[in-house]
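Enquirer: sequence-free structure coming up:
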Ligand code: G
Ligand code: G
Ligand code: MN
Ligand code: NA
């Protein structure tokens, strides 16, 4: 209960902030995008991990305010980088199932794009398979988001209910291979087989595929060898502050 009270004040007290994890093209090392990741630093509790406060925000409904703050901040940051001379091609923002249940997601996204001036194609919303399968109107929302020009990615792909029938009908552009399948590449043949299968699925459905949680050169080489040229993970960079991202990537 105390955590909930603290959380509700976290925005106004400016305790929440975003870190950004680079997404790179494997063969060239070029920056192709970033994923925005929410952080909460409370003066007494310190850095509270997302797995503790995001579910709480979802259960209490606070995720709607928090999610709006995240989206606004992420879009504004893209404009700030641009003004500072760094072009980040796209930004990925995580959406929670609760944000769909409330319904006004499409106009919220449209408003934020208009206010910040970020081009819709440069925003990619990440949803998990369970969001798609457990949200009554997910199909309608996702189609509407597509109509206003934003991209959609399926996060943690392969870990939820992957209904391939859904995938076929949705205007999704990107599959993110869950990091659990990447972790044991080169020791676990089943994980390798799954990663290859997702890459092939993406290819045949004309979707782009990005691997998450890439930590080693070996994993990157494996992905490239099997036709996946996009990755995100500690091998390239941890999630970093906007200033650090600028420092590292501004030519
Ligand atoms: O960086 P990492 O430990 O931060 O993220 C942990 C989890 O929190 C991931 O599953 C990620 O998708 C989720 N997460 C991070 N930022 C956000 C956010 O802004 N909104 C939602 N809904 N989830 C987020
Ligand atoms: O669930 P989602 O994919 O949105 O969350 C991304 C999470 O993965 C964040 O917690 C982020 O910090 C974490 N992450 C990013 N790269 C790596 C990595 O290379 N290894 C591990 N173990 N975690 C990572
Ligand atoms: Mn994600
Ligand atoms: Na993920």
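Expert: That came in fine, so what should we check first? All of these numbers come straight from a predicted model, not from anything done at the bench. Numbers count the residues shown, from 1 in each chain. Ligands and ions are numbered 1, 2, ... in the order given.
Enquirer: can you tell if the lengthiest strand in the chain touches ligand 1?
Expert: Counting residues, the longest strand found in the chain (DSSP state E) is strand 31-42. Yes. Judged by Cβ under 6 Å from any ligand atom, strand 31-42 and ligand 1 are in contact via 37-38. Where C-beta positions appear, they are placed from N, C-alpha and C, glycine not excepted.
Enquirer: buried ones in the next helix or strand after that strand?
Expert: The helix or strand immediately downstream of strand 31-42 is strand 46-48, counting by DSSP states H and E. For strand 46-48, the neighbour count (16 or more other Cβ atoms under 10 Å) marks residue 48 as buried.
Enquirer: Can you name every helix or strand that whichever helix or strand comes after strand 46-48 contacts?
Expert: Next in sequence after strand 46-48, counting helices and strands by DSSP H and E, comes helix 50-60. Helix 50-60 sits against helix 2-9, strand 31-42, helix 63-83, with contacts defined as 3 or more Cβ pairs under 8 Å, 6 or more residues apart in numbering; DSSP states H and E.
Enquirer: Looking at helix 50-60 now, give me its mean pLDDT.
Expert: Per-residue pLDDT over helix 50-60 has a mean of 96.
Enquirer: Equivalent analysis for stretch 71-88, please.
Expert: Here the average pLDDT along stretch 71-88 is 98.
Enquirer: touching ligand 2 at all, it?
Expert: No. Using Cβ under 6 Å from any ligand atom, stretch 71-88 stays clear of ligand 2, coming no nearer than 13.1 Å.
Enquirer: on that earlier part again, mind checking which of the helices and strands packed on helix 50-60 is nearest residue 174?
Expert: Closest approach to residue 174 among those (Cβ to Cβ): strand 31-42, 9.7 Å.
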